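>>> next comes the sequence, and after it the predicted model I'd like to discuss.
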Amino acid sequence: MRKRPFVPVSTLETRAPRIPLPDEAIRADVRSEDGRWAMHGWVRNLSPGGMYIESGQPIPHEAEVTVEMLARMGDQTVRMTLCGWVAHHDSRGMGIQLDPESIADPARIEALVAHFRALPQGAAAS
């Protein structure tokens with residue numbers, strides 16, 4: 001994977017809106033490219049440029065990662081593999097900056113974001 005590109009510090013006005021997700025809507029299995037770390041958790045918010053994954057075992061900042069996502073969209077199950085970098089982490093989980101070059105079909109992630117954006121706040125994923 002290529003080196004993480006510089007991204008200026010974002011604000012609520014400059015970043016893509018992050019969509020909060022219902023509990024257990026998207027499961028994520030994450031592994032570092034060097035094989036030193038692996039974890040799983042639930043995606044808590046999502047945008048076309050990144051996500052926050054809740055897990056008690058975050059991977060260190062700046063690590064290159066592969067994210068295997070399994071999402072429930074109504075009666076469909078969507079699987080995606082994405083690459084990115086750990087942008088930040090805390091005691092609850094980590095933020096992943098996605099590598100846009102790793103997204104084979106950008107329309108799929110846009111559709112996923114649009115699906116969850118259309119749900120009423122607090123609604124179940126299925």
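Okay, I see it. Note that the structure is predicted; figures quoted are calculated from it, not measured.
>>> going by C-alpha atoms from here, please, whenever you check contacts or count neighbours.
OK.
>>> show me where the chain dips below the pLDDT cut-off.
1-12, 14-15, 121-126 (pLDDT under 70).
>>> now with 80, please.
Low-confidence segments of the chain (pLDDT under 80): 1-17, 58, 74, 120-126.
>>> so for it, the centremost residue is which one?
Met51 (3.1 Å; CA atoms, centre = their mean).
>>> look up how far Asp75 lies from it.
23 Å (CA to CA, to the nearest Å).
>>> got the CA positions of the longest strand along the chain in CSV?
Ranked by residue count under DSSP state E, the longest strand found in the chain is strand 76-89. Extracted C-alpha coordinates of strand 76-89, given in CSV (Å, rounded to 0.1, in the frame of the first residue of the first chain):
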residue,chain,number,x,y,z
GLN,A,76,-28.9,-7.8,1.8
THR,A,77,-25.5,-8.5,3.2
VAL,A,78,-22.7,-6.4,1.8
ARG,A,79,-19.1,-7.4,2.0
MET,A,80,-16.2,-5.0,1.3
THR,A,81,-12.5,-5.0,1.7
LEU,A,82,-10.9,-1.6,2.1
CYS,A,83,-7.4,-0.4,3.0
GLY,A,84,-6.4,2.6,5.0
TRP,A,85,-4.5,4.0,7.9
VAL,A,86,-5.3,4.4,11.6
ALA,A,87,-5.8,8.2,11.9
HIS,A,88,-6.4,8.2,15.7
HIS,A,89,-7.2,5.9,18.5
